[in-house]
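**Q** here are the coordinates; sequence isn't available:
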């Protein structure tokens, strides 16, 4: 469970500030978008949610990331260049929370 206050910076940052904030974060939960790629570049752990976009092409490759797509409930381990287009709404809240807990349980250096 998260402790502390939440600061909503939605629409209040430029790209450089967003990148700096992501670099300092313990974890980022995001869809396939610019923040996902900024987190990958800064090696910020992330839970990446993919809907109809194929994670084979766009997933982070070298950062700590768990990829969720569809109804499986567990992060994807295998990727293929051709996959069905799945709606984002199939990803359960429980799967996201479990992935977050998994990444947050890894000791930081």
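**A** Sure thing, it's come through. It should be emphasised that the depicted structure is a prediction, and the values quoted were computed from it without experimental measurement.

**Q** Beyond the helix-or-strand element of the chain with minimal mean pLDDT, next helix or strand please.
**A** For the chain, using mean pLDDT, DSSP states H and E, the weakest element among its helices and strands is helix 55-58, scoring a mean of 79. Using DSSP states H and E, the helix or strand that follows helix 55-58 towards the C-terminus is strand 65-69.

**Q** ok, residues contacting stretch 23-38?
**A** Outside of stretch 23-38, the residues that reach it under the criterion C-beta atoms under 8 Å, 6 or more residues apart in numbering are 15, 18-19, 22, 39, 42, 44-51, 53, 55, 58, 60, 88, 96, 100, 103-104, 108. For the C-beta atoms, the positions are set from N, CA and C on the backbone; glycine is no exception.

**Q** out of those, which are buried?
**A** Among the contacts of stretch 23-38, the ones that count as buried by 16 or more other C-beta atoms under 10 Å are 19, 22, 39, 42, 44-51, 53, 55, 60, 100, 103.

**Q** so where is this structure shaky, pLDDT-wise?
**A** Within the chain, the segments meeting pLDDT under 70 span 1-3, 108-109.

**Q** which residues of it fall in strands?
**A** 28-31, 46-50, 65-69 (DSSP state E).

**Q** I'd like these laid out as JSON lines, including distance to residue 80.
**A** Formatted as JSON lines, these follow (distance: least, C-beta to C-beta, whole Å):
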{"stretch": "strand 28-31", "distance to residue 80": "20"}
{"stretch": "strand 46-50", "distance to residue 80": "13"}
{"stretch": "strand 65-69", "distance to residue 80": "12"}
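
**Q** What residues of stretch 92-109 count as buried?
**A** Within stretch 92-109, the residues that qualify as buried are 95, 98-100, 103, counting by 16+ other C-beta under 10 Å.

**Q** Give me the subset of those residues lying in helices.
**A** Among these, the ones falling in helices (DSSP state H) are 95, 98-100, 103.
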